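In: give me a model of this one.
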Amino acid sequence: MAESTEDRYARWAWIHETAVMTGWDFAALGSRLVADEPPWDFDLTCAKAMARSMPCLDMGTGGGERLSEVVKRVSTVGGFINRRSSVHASEGWKPNLELATSALAEYGIEVREYDSETGEAMPWPDDFFTLVMNRHESYDPAELARVIAPDGGFLTQQVDGTEASEFRHWFGGAPQAPENRLEPCIDGLEAHGFTITDADEWTGTMEFADVEAVIEYLAYIPWDVPGFTVAGNREALDRLAARSSPIAVTQKRFHIAAER
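Out: Next up, the predicted model:
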């Protein structure tokens, strides 16, 4: 028996309502999401920096998955972490905070709660870190300048705030952080005493196998289309479902290396 239109909408709504992100992992989408990768290897850059810079901090560590892998890679680039307590992590989302605390315990890494968007001070003293790493996490340049010691470094890879414009075209809304772009971020760091040693930006593509993968992804990343519902976007979803080719969305990334 063919699925009715209303049953299809109900199934789509169920997908959106039940999809829950665990850590920072899109594995549930499997091959239904294929994403290009930037030409640089940010994790390798972090591992090389960790090999010569302690103590260090990983901001917005998610569920600790990435930091675990970076710590393992340190030995492959000629480094050795002989004092695990020299590695620290922060996370602002409580469900991930619990996951990261558990995942990183075996490495002796303490995870503290911190979200720069609250405006609160970072929970470490002045000049505490030689290196701060940040992948796709917000940050406060003034706080970075406070906790990073003189001659210390900051490494960040960011999602450009204007990426995935296709979503806004299809479903409405506006970019949530249009100011999060390479040049404004460079300006902000330089204004707080940092010297930029490397920076680059990149544009690529994400491809979704079908409209259901798009719906699930938007449940994981709700800030891309705030307030998205299946009921409010039926016509747009029907148009996407009618496509015979993968559904493509633009990715934008940039990275910055800075010294204090």
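In: in the longest helix anywhere in the chain, which residues are buried?
Out: Ranked by number of residues, the top helix in the chain under DSSP state H is helix 5-18. By neighbour count with 16 or more other C-beta atoms under 10 Å, helix 5-18 contains the buried residues 8, 12, 15, 16. C-beta here means a position set from N, CA and C on the backbone, and glycine is covered the same way.
In: Throw the residues you listed into TSV and include pLDDT and distance to residue 90, thanks.
Out: Shown next, in TSV, are these (pLDDT from 0 to 100; distance: C-beta to C-beta, whole Å):
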residue	pLDDT	distance to residue 90
8	95	42
12	96	36
15	95	32
16	96	30
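In: which one among those gets closest to residue 209?
Out: residue 15 (13.5 Å; C-beta to C-beta).
In: okay, strands next: where are they in this protein?
Out: 33-35, 56-59, 87-91, 110-113, 129-135, 148-159, 195-208, 247-259 (DSSP state E).
In: output those in CSV; the columns should cover mean pLDDT, mean neighbour count and distance to residue 184.
Out: Shown next, in CSV, are the strands of the chain (pLDDT from 0 to 100; neighbours: other C-beta atoms under 10 Å; distance: least, C-beta to C-beta, whole Å):
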stretch, mean pLDDT, mean neighbour count, distance to residue 184
strand 33-35, 95, 16, 25
strand 56-59, 97, 25, 19
strand 87-91, 95, 24, 23
strand 110-113, 95, 16, 27
strand 129-135, 97, 24, 16
strand 148-159, 97, 20, 11
strand 195-208, 98, 15, 12
strand 247-259, 97, 19, 11
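In: possible to save those as a markdown table with distance to residue 182?
Out: Formatted as a markdown table, these follow (distance: least, C-beta to C-beta, whole Å):
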| stretch | distance to residue 182 |
| --- | --- |
| strand 33-35 | 20 |
| strand 56-59 | 18 |
| strand 87-91 | 23 |
| strand 110-113 | 29 |
| strand 129-135 | 14 |
| strand 148-159 | 8 |
| strand 195-208 | 5 |
| strand 247-259 | 4 |
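In: tell me the spacing between residue 88 and residue 122.
Out: According to C-beta to C-beta, to the nearest Å, residue 88 and residue 122 sit 10 Å apart.
In: quick one on the thing from earlier: could I have the longest helix of the chain exported to PDB, CA atoms only?
Out: In PDB, the C-alpha atoms belonging to helix 5-18 read as follows (Å, rounded to 0.1, in the frame of the first residue of the first chain):
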ATOM      1  CA  THR A   5       0.900  12.300   1.900                       C
ATOM      2  CA  GLU A   6      -0.100  12.800   5.500                       C
ATOM      3  CA  ASP A   7       1.700   9.600   6.600                       C
ATOM      4  CA  ARG A   8       4.800  10.900   4.800                       C
ATOM      5  CA  TYR A   9       4.700  14.200   6.600                       C
ATOM      6  CA  ALA A  10       4.100  12.400   9.900                       C
ATOM      7  CA  ARG A  11       7.200  10.200   9.300                       C
ATOM      8  CA  TRP A  12       9.300  13.200   8.400                       C
ATOM      9  CA  ALA A  13       8.200  15.000  11.600                       C
ATOM     10  CA  TRP A  14       9.000  11.900  13.600                       C
ATOM     11  CA  ILE A  15      12.500  11.800  12.200                       C
ATOM     12  CA  HIS A  16      13.000  15.500  13.100                       C
ATOM     13  CA  GLU A  17      11.600  15.100  16.600                       C
ATOM     14  CA  THR A  18      13.500  11.900  17.600                       C
END
